[in-house]
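Participant: I'd like to go over a predicted model; first the sequence, then the structure.
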Amino acid sequence: MTKIDIQQLIDFLEESREKSSEVTLTHVMGLAEVMTGSMGEIIEHVEPEVTMELAEIGAEIARMKAEISKLRVADMRDNHIPEAGRELDAIVSSTEEATHTIMAAAEAIMAADPDDTQAYQNTVNDQVMEIFQACAFQDITGQRISKVVGTLNTIDERVSNFVERLRLKQEAHADQNAEETEDERRKRELILHGPQHAGEGVSQDEIDALLNDVKQDEIDKLFA
Amino acid sequence: MALDLQMPILVVDDYKTMIRIIRNLLKQLGFTDIDDAADGTEAYEKMKQRRYGLVISDWNMEPMTGYELLKQVRQDAALCKTPFIMVTAESKTENVIAAKKAGVNNYIVKPFNAQTLKGKIEAVFAD
C-alpha cells in the first residue's frame, strides 16, 4: 500500500469521524470502497484474478450505494412518514371531535323534557342537524386515510424493490429468529391482539357459547 | 332476580368516549351510580376504597390491562366476589378462554349495543 493510499484511508476516516461519531452502513461501504481501490493497485501486479474479484466487489458496493440512494431514505424520513403521522393525528382529532358533537347532541335529546312538545321538537330538530353536520368528518377522514395508504404503498414499493435488487429475500426467514422485544413480550403475555378484521375474530354468539358451554375442566386442559 | 339499579358500577376504559358511551347506556338502562377509571391500576385503587356491585372493564389499557385487573381482583379476598364483565375489541378465542379461566362473569365484544349490555348484566346477576 503506497503512502498515497494510506493517506486516502486516513483522510476518509478523519472526515467520517468529523461528520458523525456513529458508524453507519454508508461509512463501512465507503471504507470498503477506498480499501478495495487501494488493495487493487497492489495486487494487480501479483495476481490478476484477485484484481478482478476486487473490481467486482467494488462494482457491487457501488451498485448497493446506488440502490440505497434509490430508497430515498431521507425523503421517507423527512417527508412521507411525518406527513402520514400528521394525517393520522388529524384523523384521531376529527373523529374525536365528531364523536363529542354527536354524543353531546344525543345527551341533549336524552335530557330534553318531552312534556313540552314544541320545545322538545325544536331540541330534537336542532340536535339532529348537529349530528348530520358532525358526520361530515367521514368524507375528510376518508381522504386523509387514502393519503396515508398512498404513503405506505410508496414505502412498501421502495423497500420491496430494494430487498429484491439486493437479493436479500433468502434472508427473510432471519426475522423469525429475531429476539422478542419488551413490547412484543407484553403483548404476548397479556394476549393483546387488538381489534380483529371482519370475520377474523369470534362473534358475540360464539363468545356466549364459549362461556356457557365450555366447562372449567376443559379450559384447564387447554392450559395444562 | 330484579336488578339493583342503585348499585355502584365501575366502568374501566382508557377512552373517555367509551366511558361516556357505557355511562349513557347504563343510564338508559336505569342505573344511577356510575363511576369510572382510566386503567386497571386506578380501578383497583378505587375498588379498595369502595365496594362496587359490578365492574365493566376494557381489556387493552396501560399500564394495567383489564385482564391483569381481573386476575388481581380474583386473587384479592376482599374483592374476589365482585361481578366482572369484560367489554373489549379483543375477540380471539384465546382471549375469551383466558378471561373465563381468570374468572370473568361475562364477555362483550366491541362494538356492542344497549341490548347486549343489558342482557349480559342480567345474565351475570341471574347466575
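Facilitator: Right, received. Where do you want to start?
Participant: Low-confidence regions, chain A specifically.
Facilitator: Across chain A, the ranges flagged by pLDDT under 70 are A:1-6, A:9, A:16-25, A:38-46, A:167-177, A:213-224.
Participant: quick check: domain ranges of it?
Facilitator: A:3-71, A:72-157 (automatic domain parsing).
Participant: Among those, which comes closest to chain B?
Facilitator: Chain B lies closest to domain A:72-157 among these, at 5.2 Å (Cβ to the nearest Cβ). (Each C-beta comes from the backbone N, C-alpha and C, glycine too.)
Participant: which residue does chain B bring closest to chain A?
Facilitator: Residue of chain B nearest chain A, by Cβ to the nearest Cβ: B:Ser91 (3.0 Å).
Participant: Look up the closest residue to that residue, ignoring the ones flanking it.
Facilitator: Of all residues not flanking B:Ser91 in the chain, A:Gly201 sits nearest, at 3.0 Å (Cβ to Cβ, 6 or more residues apart in numbering or on different chains).
Participant: Pretty sure the one you found sits in a helix.
Facilitator: No: under DSSP: H, G, I helix; E, B strand; the rest coil, A:Gly201 sits outside any helix and is assigned coil.
Participant: surely it meets B:Tyr107?
Facilitator: No: checked against Cβ atoms under 8 Å, the pair A:Gly201 and B:Tyr107 is beyond contact range at 11.9 Å.
Participant: higher neighbour count, these two?
Facilitator: Legend: neighbour count by other Cβ atoms under 10 Å in any protein chain shown for A:Gly201 and B:Tyr107, higher for B:Tyr107 (24 against 19).
Participant: so is the more buried one in a helix, a strand, or just coil?
Facilitator: Classification of B:Tyr107 by three-state DSSP places it in strand.
Participant: give the contact list for it.
Facilitator: A:Ile207, A:Leu211, B:Ile85, B:Met86, B:Thr88, B:Val96, B:Ala99, B:Lys100, B:Lys120 (Cβ atoms under 8 Å, 6 or more residues apart in numbering or on different chains).
Participant: Any idea which residue is closest to the centre of chain A?
Facilitator: The centroid of chain A falls nearest to A:Leu152 when counting by Cα atoms, centre = their mean (7.8 Å).
Participant: in what helix or strand does that residue lie?
Facilitator: According to DSSP states H and E, A:Leu152 maps onto helix A:137-165.
Participant: so what secondary structure elements neighbour that helix?
Facilitator: Applying 3 or more Cβ pairs under 8 Å, 6 or more residues apart in numbering or on different chains; DSSP states H and E, we find helix A:137-165 packed against helix A:48-71, helix A:81-111.
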